[in-house]
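J.: Any chance you could fold what I've pasted below:
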Amino acid sequence: MTKRNVPARVPGKAAPFRKTLITATVLAADLGATAVLAQDAPLDNSVLTEIIVTGTRAARDGYQAPSPTNVISAVVLDNQGATGLGEILEQTGMVKGTRNPNSNATNTSSPGQWTADLRGLGGQRTLVLIDSSRVVPFAPASNLSVPTTTDLNLIPTMMIERVETVTGGASAQYGSDAVSGVVNILLRREFDGVRVRAQTGISEEGDAEEKRIGVLGGWNSSDGRAHVVFSADYIDNEGVGDIYSRDWGRRETMIVSTPGTPSLTWANNVHSALGDGGIINVGRNATNTANMPFSLTGQTFNPDGSIRPFQYGYPLSPGATSSTMIGGEGGSLMKGVALVPAVERFASFARLGYDISDNLHGYATLGYSESTGVLVAGQPRWTSTQLFIRAENAFLPDVVRDAMIAEGVGGFRMTRLGNDIGNNLYEVENKSPRFSAGLEGSFAGGWDWDAHVSYGRNDYRTDSKNNPIIANLAFALDAVRDANGNIVCAATIPGHPRFNPAAAGCSPLNLFGEGNTSAEARDYIQGNPYAEVVYKQKTFGANLSGELFSTWAGPIAVATGVEYRDEEEEATADPIGAAGGYFSANYSPWSGDFDVAEGYVEAIVPLARGARFAEHVDLNLAYRYADYSTVGGMDAWKTGLVWEPFDFLRFRVSQSRDIRAPALNELYAPGAAVTNNITMININDFGDASPNARNYVIPQRTAGGNINVEAEEGDTRTIGFVFSPNYGPLTGFNLSVDYYDIELDKAITNLSGANIGNMCISGVRSFCDLFTFNDDGDPTELNAGSINLGSFQQKGYDVQLDYSLPLGSGTWSIGLTGTFVTESVVDTGLPGAKPVDRAGEHGAANFAAVPDFRGNLMTGFRTQKWSASVQAVYVSSGKLDNLYNTPGNPTINRNEVPSYAIFNVYGNYNLSDRVRLFGSIRNALDRDPVMTPYTVLNAPVYGAYYDKVGRQYSLGVDVTF
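T.: Predicted structure coming up:
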């Protein structure tokens, strides 16, 4: 391979020719894309620019950087007709679709969000940059498993020039939060003309309809000094209905537990056991303090109010408390719940640049984006602990009331599925304006410098509809007859023992039989919780890079810089939600802020050049110090070595220490209080060999922050090689294989109340200290925020291959990219808990669960006039949960998950120099998703890996003026 020196670039000016570098960090051919997707660029070279891929801030040409870097060019986005960057990133195998519209069917906090989650460590541990600068994050109101990170949907794809993903730890070079890597989105600096893009798509089932209109425009002054480029993109996707809209969904696949045992059953035909019309569960005394035998237990209510035995399925019987069963009457708990939420989004960006002199360039950018995600979520699912019916309830059928009187039963507990009440609806709006301005320059000796300031703001609002209010439901259920014989709420009758002024306006609720609730009662019990979050980010940064001096092996390249950030977040919520008054969607108001000053230095030191078996040997060193107002000073560092024994073979190795400071919500968010059952002990029994644990019903805050939480620390090791012979028939062939080993310590997490109670009972006093106790020693409240707990380690291999070959009148190309995961070990740090390897696990319930292999293979052919390509996206086989059927853990009848592959077809046709048609057929063979049910959210498929939509068609046109 011929090595070429790169002339110093004048900031803001295009080089007189294109120079795409095949580097030690990326496989980049003149096709305009890499092995990531093996897509070909158009053959039109009339507009040529210099492309420099580095994966480092110090490398002069990117050749010496030791970190594996993956590149996606704008050509890939264009050829696939991608409306968002996230769908392309996730094809590489190294990015997990933890939060995207396909996997967000149960994500009520951010249904429209699309995040970059490298290695499956969580989006908060992947640093996303735009033009190497920080981006204001998406900050939802909920702190429960919702990362504060960048929403990729808010980036206009037509403005993207390329995306560089550094997959090793990169905190020392790019900043804290880059524990699993960096996604650096580089936007266009120039464009001449106007390009308009119109696109539409739809699934074979007639849903998931998507419409898009976008524009990219630019102007360059006649003297080449002024440059203006702008883009605006509007996309509207209508989403997909519930599981009954698909053949595979109508199988009603779910996991059912056997009451009183650790046995689970993976089965089809799984229905709700709560009862569409309500089921009498257990008799209670008049004060609702003790169970009583009742002959009508297991009876359900017909629409006319009469009763009959409820048709239970396996393994349930009358009086059961489980919410699901195999067979029996009714439908799935997922009835009405959207498989894919509807998302409407708009993204715009503009850049004005001016060459003040040959060595000084100034610029200003302005961006505004917004998205709205609408999710139809679950219906009310009332268990027996939430519905208490008194004997004097005026809506009770006479046969039930008579039986209660005869048997001395003062009331009964009831379960009910509220399909007739209405599904919860969540509408989440996210707006993000952003501004930056800066200068770039160079001076004698080839030194380059830049400085910038930026301001970003994220306005988040969530509105929920049809969300029952706990207190109003209790008032409405207590329906009695007043002195005039009218059915009213007991709490509205002055002088009644249960009179309560807070019940003013109450409308009585009849839950006995489906369809018997009145509109007035539904309006009374349902509320519309909302929350708003304003997140502000102010940044300043300055960088300097150049060559210090030359040694026997070449010049030493260095980069250094300083950064300052000030971030603040303020959340507000409606008063009912702030008091924990809804069954769900309770948010708490809070505010917090931090600032951080950082400085870094990086150097590439050549150790050998042109020697035998040492064509190139380079040492890469980097160090960063970050001083946070919240967690104090932190160090990040990196060292790496690149050895090129021959001009076609390079070896690279690196070791880094990476850091992530806690986000504001992990520090200050109070978390919503939920009053619920918990198994705990009297504190006076602490330390007993067998403490007497009992059930308490107390307020619990477990999803909040903690001002004492510490920063996370990560250690990453990589070793790999790049083989690019570029001789004879192997010209155009590139292969890279990189081994990685990531260790994360002091991981920030939130434990459930059950976990905290169990730790206290087992004798860990620090967990008992999270409870408040009364004078008698009984727990009265739980306040537990974020904690540093345990560690995580993942090992694996990233593989990239691409090859292109002139063939006839065109070019044939093939590309492969994928990630093999050999270990993904989680150590919770809880006493008595053993580390668990989650590699090969496909379920959604557990952190760090990832398949053994994910990747894609693409092959295509292009000519001057047209191009066509076929892509295979593959997920290996594995298990639903690696702990199932192991000693001390639940057993299940089926734990195997088969392999999965879908095929996508893409095509482009140039009608003229100005008009291009493009289209795609995604999931061309209409492959059903693999069933991966998870009981936590009652969903049959994990959308992070498997397509839930089916075959989709898309057609678009680009017109350039």
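
J.: I'd guess residue 520 is in a helix, am I close?
T.: Yes: counting by DSSP: H, G, I helix; E, B strand; the rest coil, residue 520 is located in a helix.

J.: list the contacts for it?
T.: residue 507 (C-beta atoms under 8 Å, 6 or more residues apart in numbering). C-beta here means a position set from N, CA and C on the backbone, and glycine is covered the same way.

J.: Over to residue 691?
T.: Residue 691 neighbours (C-beta under 8 Å, 6+ apart): 681, 682, 685, 761.

J.: got the residue ranges for the helices in this protein?
T.: With DSSP state H as the criterion, the chain has helices at 74-80, 85-89, 171-174, 398-407, 470-477, 519-525, 575-578, 664-668, 753-761, 765-768.

J.: Could you list the buried residues of stretch 317-325?
T.: 318, 319, 320, 322, 323, 324, 325 (16 or more other C-beta atoms under 10 Å).

J.: and what of stretch 900-919?
T.: 900, 902, 904, 905, 906, 907, 908, 910, 916, 918, 919.

J.: What of stretch 210-217?
T.: For stretch 210-217, by 16+ other C-beta under 10 Å, it's 210, 211, 212, 214, 215, 216, 217.

J.: Go through the residues you listed and say which is closest to residue 156.
T.: residue 214 (7.4 Å; C-beta to C-beta).

J.: ok, that closest one to residue 690 distance?
T.: Computed with C-beta to C-beta, to the nearest Å, the distance linking residue 214 and residue 690 is 67 Å.

J.: Mind picking the two most distant members of the buried residues of stretch 900-919?
T.: Between any two of the buried residues of stretch 900-919 (C-beta to C-beta), the greatest distance is 34.7 Å, for 900 and 910.

J.: Without its sequence neighbours, what residue ends up closest to the residue minimising distance to the centre of the chain?
T.: Centroid-nearest residue in the chain: residue 99, 2.4 Å away (criterion: C-alpha atoms, centre = their mean). If the residues on either side of it in the chain are set aside, residue 99 comes closest to residue 115, at 4.5 Å by C-beta to C-beta, 6 or more residues apart in numbering.

J.: surely that neighbour meets residue 96?
T.: No: Residue 115 lies out of contact with residue 96 (C-beta atoms under 8 Å); the separation is 9.6 Å.

J.: Pull the number of nearby residues for residue 709.
T.: Around residue 709 sit 22 other residues, with neighbours defined as other C-beta atoms under 10 Å.

J.: my guess is it meets residue 750, correct?
T.: No: applying C-beta under 8 Å, one finds residue 709 not in contact with residue 750, separated by 10.2 Å.

J.: re earlier: can you redo the contacts of residue 691 as JSON lines with pLDDT, distance to residue 397 and neighbour count?
T.: Compiled in JSON lines, the contacts of residue 691 are given as follows (pLDDT from 0 to 100; distance: C-beta to C-beta, whole Å; neighbours: other C-beta atoms under 10 Å):
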{"residue": "681", "pLDDT": "89", "distance to residue 397": "43", "neighbour count": "22"}
{"residue": "682", "pLDDT": "89", "distance to residue 397": "43", "neighbour count": "18"}
{"residue": "685", "pLDDT": "86", "distance to residue 397": "47", "neighbour count": "15"}
{"residue": "761", "pLDDT": "85", "distance to residue 397": "44", "neighbour count": "20"}
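
J.: rewinding a little: would you mind giving me the confidence score for the residue nearest to the centre of the chain?
T.: The score at residue 99 is 85. That number is its pLDDT.

J.: my guess is it contacts residue 123, does it?
T.: Yes: applying C-beta under 8 Å, one finds residue 99 in contact with residue 123, separated by 6.2 Å.

J.: what sits in contact with each of these two?
T.: 115, 117, 147.

J.: related to what we said a few turns ago, just put the helices of the chain in a markdown table and tack on distance to residue 341.
T.: Formatted as a markdown table, the helices of the chain follow (distance: least, C-beta to C-beta, whole Å):
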| stretch | distance to residue 341 |
| --- | --- |
| helix 74-80 | 22 |
| helix 85-89 | 14 |
| helix 171-174 | 32 |
| helix 398-407 | 40 |
| helix 470-477 | 26 |
| helix 519-525 | 24 |
| helix 575-578 | 21 |
| helix 664-668 | 22 |
| helix 753-761 | 29 |
| helix 765-768 | 37 |
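
J.: right, so of those, which gets closest to residue 658?
T.: helix 171-174 (3.9 Å).

J.: Dump that closest one to PDB, restricted to CA.
T.: This file holds the C-alpha atoms of helix 171-174, laid out as PDB (Å, rounded to 0.1, in the frame of the first residue of the first chain):
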ATOM      1  CA  SER A 171     -12.500   9.300  27.700                       C
ATOM      2  CA  ALA A 172      -8.900  10.500  27.700                       C
ATOM      3  CA  GLN A 173      -9.300  11.900  24.200                       C
ATOM      4  CA  TYR A 174     -12.900  12.900  23.900                       C
END
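
J.: if we can go back for a sec, now for residue 709 and residue 750: what residues contact both?
T.: 785, 786, 787.

J.: Can you report how many residues lie near the first one?
T.: Put plainly, it is residue 785. 23.

J.: any idea which of the shared contacts of residue 99 and residue 123 has the most stuff around it?
T.: Neighbour counts for the shared contacts of residue 99 and residue 123, by other C-beta under 10 Å, peak at residue 115, which reaches 28 neighbours.

J.: Now for that residue: which residues touch it?
T.: 86, 98, 99, 100, 123, 126, 138, 147, 149, 150, 151, 152.

J.: By pLDDT, give me the weakest of those residues.
T.: Within the contacts of residue 115, lowest confidence goes to residue 147 (80).

J.: any idea how far the residue nearest to that one when sequence neighbours are not counted lies from residue 660?
T.: In space, and not counting its chain neighbours, residue 147 is closest to residue 124: 3.7 Å by C-beta to C-beta, 6+ apart. From residue 124 across to residue 660, the span is 7 Å (C-beta to C-beta).

J.: same thing with residue 878?
T.: Residue 878 is 28 Å from residue 660, by C-beta to C-beta.

J.: Which one of these two is surrounded by more residues?
T.: Each of residue 878 and residue 660 has its neighbours counted (other C-beta under 10 Å); residue 660 has more, 27 against 23.

J.: Do you know the pLDDT at the more buried one?
T.: At residue 660, pLDDT is 94.

J.: who's in contact with it?
T.: Contacts of residue 660 (C-beta under 8 Å, 6+ apart): 124, 125, 171, 176, 177, 179, 711, 712, 714, 748.

J.: looking at it, residue 752 is touching residue 702, isn't it?
T.: Yes: the pair residue 752 and residue 702 qualifies as a contact (C-beta under 8 Å) at a distance of 6.0 Å.

J.: who has more neighbours, these two?
T.: Comparing residue 752 with residue 702 by other C-beta under 10 Å, the one with more neighbours is residue 702, at 25 against 13.

J.: Please list all residues in contact with that one.
T.: 671, 750, 751, 752, 753, 756, 782, 784 are the contacts of residue 702 under C-beta under 8 Å, 6+ apart.

J.: so where is the stretch 601-750 of the chain shaky, pLDDT-wise?
T.: Scanning the stretch 601-750 of the chain with the threshold set as pLDDT under 70 gives 673.

J.: And the strands in it, which stretches?
T.: 614-628, 632-646, 649-660, 674-681, 693-701, 712-723, 733-745, 748-749 (DSSP state E, counting those that start in this stretch).

J.: other SSEs contacting the shortest one?
T.: In this case it means strand 748-749. When contacts are defined as 3 or more C-beta pairs under 8 Å, 6 or more residues apart in numbering; DSSP states H and E, strand 748-749 packs onto strand 787-788.

J.: List the neighbouring strands of the strand it packs on plus their orientation.
T.: Neighbouring strands of strand 787-788 in its sheet, by DSSP bridges, are strand 748-749 (antiparallel).

J.: and for the partner strand, what are the contacting residues?
T.: With C-beta under 8 Å, 6+ apart, strand 748-749 has contacts from 660, 662, 666, 709, 712, 786, 787, 788, 789, 790, 847.
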